[in-house]
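Chemist: Just need the structure, nothing else, for what follows:
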Amino acid sequence: MGDREFITLARVMIDDVEEDDWVASKVAGFVILTQTCDLVRTCALRPFVELAPLIQVKQEILEDVIGWRRPGYAFIPGVADKKLVADLDRVMTVQKVVIADWDRIRGLQSDDEVRAFQRVLARKRQRFAFPDEFTEFVKPLQKRIKEKHGKESSEGEALRALAEIRVAAAPSWNSDHVDLTFYFVRQEGSPEKFIGHTWAKWCDDWMKRLPICKHFTNPEGLIVDYHSMSAAEYLQSDALDLERLSSSE
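Modeler: Numbers count the residues shown, from 1 in each chain. The predicted model follows:
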């Protein structure tokens, strides 16, 4: 923790000429991305560690990060009071000896926090590349969720109670006609109703946002949790990251 410098190779102007040069920017600190098993090995075997910078964000962005709606960032509970998050879009490699005498704050206090952090890192690198046609198909749902998520309403409460949205394609994404299943995964302990409206009501409403499409047929929406979802259903579906959906164009 403390003022540190993140080093980036960037295109800069030097004497009115564009050149590549190393640029240092101040950051509040770093989070170590290297796995513990590699971190504790000797410098002779594993001399380097990977670091991501900690940056300060506004409260609403912090809440998005906590709710898994900002895949470029990772929530670090140990520095949440300072509104600091890990910026996963920037990674720097340094020798272990460089960080040996740095002040350290334990950012992850429990096994559950460690697992959540691991999932965030995995999601950052393993995001599924949905077909462009699907990205266009799901845009109305994406727009609705982004508009209503922060609202103080029944729908806003339901959206904030989702752990994630996953989607499965049958028989495959490359088929001429694809049957889609949307899994709206509830957070553990979420309520059954939101200001009188049930999960079933909101699931039906969200699915009606999807347009009629000859390629994606019979889209089905299911309200589930991690206990009711089978391992096969989870592994055969992909996380629908509504913040980062993009097409090749």
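
Chemist: the domain parsing of this structure - what is it?
Modeler: Listed domain ranges for the chain are 4-126, 132-239 (source: automatic domain parsing).

Chemist: Tell me where the protein has helices.
Modeler: All helices of the chain, identified by DSSP state H, fall at 36-39, 59-66, 96-99, 111-126, 132-137, 139-148, 154-160, 199-208, 231-235.

Chemist: So which elements touch the longest one?
Modeler: When you say that, I think you mean helix 111-126. In terms of contacts (3 or more CB pairs under 8 Å, 6 or more residues apart in numbering; DSSP states H and E), helix 111-126 is packed against strand 73-75. Where you see a C-beta, it was placed from the backbone N, CA and C, and this is true even at glycine.

Chemist: cutoff 10 Å now
Modeler: strand 73-75, strand 84-87, strand 238-239 (3 or more CB pairs under 10 Å, 6 or more residues apart in numbering; DSSP states H and E).

Chemist: Run the chain-centre distance for stretch 24-38.
Modeler: 18 Å (CA atoms, centre = their mean, to the nearest Å).

Chemist: Quick check: mean pLDDT of it?
Modeler: For stretch 24-38, mean pLDDT rounds to 91.

Chemist: Going by neighbour count, which residues in that stretch are buried?
Modeler: By neighbour count, with 16 or more other CB atoms under 10 Å as the criterion, the buried positions of stretch 24-38 are 27, 28, 29, 30, 31, 33, 34.

Chemist: Please flag which of those residues sit within strands.
Modeler: 27, 29, 30, 31 (DSSP state E).

Chemist: tell me which helix or strand of this structure sits lowest on mean pLDDT?
Modeler: helix 36-39 (a mean of 84; mean pLDDT, DSSP states H and E).

Chemist: what about it, distance to the chain center?
Modeler: On the basis of CA atoms, centre = their mean, helix 36-39 sits 24 Å off its chain's mean C-alpha point.

Chemist: Enumerate the positions of stretch 197-207 that are buried.
Modeler: By 16+ other CB under 10 Å, the buried positions in stretch 197-207 come out as 199, 202, 203, 206, 207.

Chemist: And stretch 129-145, by the same measure?
Modeler: 130, 131, 134, 135, 137, 138, 139, 141, 142, 144, 145.

Chemist: got it, and stretch 230-242?
Modeler: For stretch 230-242, the neighbour count (16+ other CB under 10 Å) marks 237, 238, 239, 240, 241, 242 as buried.
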